[in-house]
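Participant: Here's a sequence, model it:
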Amino acid sequence: MNPWEQLLEGVELPFHRDLTVPALTEVMLPIPHPEAVADVEATAHQQVVQQLAGSVDKGMTVAVGAGSRGLVERVALLRGAIAGLRTLGAEPFVVPAMGSHGGATADGQRQMLEALGMTEAAIGCEIRATMDTVEVARTADGMPLYLDRHAAGADRIMPVNRIKPHTCFKGPIESGLTKMAVVGFGKQPGAAQIHACGPVEMRNRLLNGIAALKATGRLLGGVGSLESADGHVVEVHALTADQVGSETEIALTDVARDLVPPLPFPVIDVLIIEQGGKDISGTTLDPNVTGRFWVHGLADSESPRVSTIVLLGITEASGGNVLGIGFADFIPASVAAGINWQKTYVNCFTAGPSGVRRSRMPMVLPTEEDCIKAALSMCGKAVDEPKRVVRIRSTLHLTRCWVSAPLLTELPAGALVVD
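Facilitator: Residues are numbered from 1 along each chain as shown. Next comes the predicted model:
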């Protein structure tokens, strides 16, 4: 019995005796189905060779950025990018480019990469991990720009990352190559200064930061992937330094937004999410899917409007870091017992204003069933009133869900009920 179970032992929950969990029906959601890249590793290799050939000198050292997200075929993407650099005569090595993730320690960041399959053996390349940083430039308005000490010692840096919508701000460029170059490579101090402001200023600092970095000549380019909602890599692009942070990355960001649809129900009384995690979203649960952003200066989505959220589990790769746990209203004791507050709070403080509300503790109840019943009883609907309930695996690769009877009459066009 974990400490939370002991704490809650004997607590009587005041659920109405007639409250029952409604039966749920599986539904296949209508999502874009672009053709998947047949060989991600070969495509990444080919893209690097074709796009970056004129930018690489023989013997050039390149710090390749690897991130903490659960990218599809992340090992293949990284391995292909590394192989392409070697074909061009470069000497690459990998650095964890993930800000303060992994508890803001070098060992923690290395372990997070390994938990995601990015070991030295798997990628065929040395990994150099440090939290030490070097100031390499300043933006026009005086903001310092930091790089990981190993990356700062290389001739060039090259982020490898998925391009997708961000969880804290809206802008022409959100998550992707620009963000990894400015925030991920900047470790804790770099991430903290970008996140220590509202969504409009965060967008501006990111764009100003990539302009300052490019002016130093340290950025070789980047390799970005686009993923479909059904969990396939559908595009791989190598971008030159000029293209990172410019119209090329902006266009790819626009495509990525269309590939990450929100839940297609205007009103949800209870949303049950089976797993959250740092490898799923930087905020454990992706607000682009749930509609809850909870950032001062950034409005929540008009759809879906979710009354209560239940989170049932956290991925092992998260290592107990649950920044964003506050998006959930209810969690079982098993989730609470697995939280690493050191890692979570380091990430929370680095996230700045957006980390405050998002890192509040949800209501902790003994079991998963208790959480679901609590959500049903507190969603604003009478006990005997039908409720709109949705259950999903996670906010990543959302291809199907399970819904209660009232939502079967509100299914979006193209949705299919699974017999």
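
Participant: Where do the strands of the stretch 201-350 of the chain begin and end?
Facilitator: 221-227, 233-240, 267-273, 305-311, 330-332 (DSSP state E, counting those that start in this stretch).

Participant: quick one: the third one to strand 305-311, angle?
Facilitator: Yep, that's strand 267-273 we're talking about. Interaxial angle of strand 267-273 relative to strand 305-311 (axes from the mean of the first three to the mean of the last three C-alpha atoms, to 10 degrees): 20 degrees.

Participant: Let me have the strands of the stretch 201-350 of the chain in JSON lines, extended by mean pLDDT, distance to residue 100 and mean neighbour count.
Facilitator: Glycine gets a C-beta too; all of them are placed from N, C-alpha and C. Below are the strands of the stretch 201-350 of the chain laid out as JSON lines (pLDDT from 0 to 100; distance: least, C-beta to C-beta, whole Å; neighbours: other C-beta atoms under 10 Å):
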{"stretch": "strand 221-227", "mean pLDDT": "97", "distance to residue 100": "21", "mean neighbour count": "27"}
{"stretch": "strand 233-240", "mean pLDDT": "97", "distance to residue 100": "26", "mean neighbour count": "22"}
{"stretch": "strand 267-273", "mean pLDDT": "98", "distance to residue 100": "24", "mean neighbour count": "24"}
{"stretch": "strand 305-311", "mean pLDDT": "98", "distance to residue 100": "22", "mean neighbour count": "22"}
{"stretch": "strand 330-332", "mean pLDDT": "98", "distance to residue 100": "23", "mean neighbour count": "25"}
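
Participant: Now tabulate those strands in a markdown table and tack on distance to residue 349.
Facilitator: A markdown table is the format used below for the strands of the stretch 201-350 of the chain (distance: least, C-beta to C-beta, whole Å):
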| stretch | distance to residue 349 |
| --- | --- |
| strand 221-227 | 28 |
| strand 233-240 | 32 |
| strand 267-273 | 25 |
| strand 305-311 | 22 |
| strand 330-332 | 22 |
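
Participant: Out of those, which is closest to residue 38?
Facilitator: strand 233-240 (9.8 Å; C-beta to C-beta).

Participant: relative to strand 221-227, how tilted is that closest one?
Facilitator: 170 degrees.

Participant: Can you show me the helices along the stretch 301-419 of the chain?
Facilitator: 333-337, 341-351, 354-358, 368-377, 405-408 (DSSP state H, counting those that start in this stretch).

Participant: and of those helices, who's closest to residue 151?
Facilitator: helix 341-351 (18.2 Å).

Participant: chain center to that closest one: distance?
Facilitator: 15 Å (C-alpha atoms, centre = their mean, to the nearest Å).

Participant: Send me that helix as CSV with only the CA atoms.
Facilitator: Provided in CSV are the C-alpha atoms of helix 341-351 (Å, rounded to 0.1, in the frame of the first residue of the first chain):
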residue,chain,number,x,y,z
TRP,A,341,8.2,16.5,-7.2
GLN,A,342,11.9,17.4,-7.7
LYS,A,343,11.7,16.9,-11.4
THR,A,344,8.2,18.3,-11.6
TYR,A,345,9.0,21.5,-9.8
VAL,A,346,12.3,22.1,-11.6
ASN,A,347,10.3,21.9,-14.9
CYS,A,348,7.5,24.0,-13.4
PHE,A,349,9.7,26.9,-12.4
THR,A,350,11.5,26.7,-15.7
ALA,A,351,8.1,26.9,-17.4
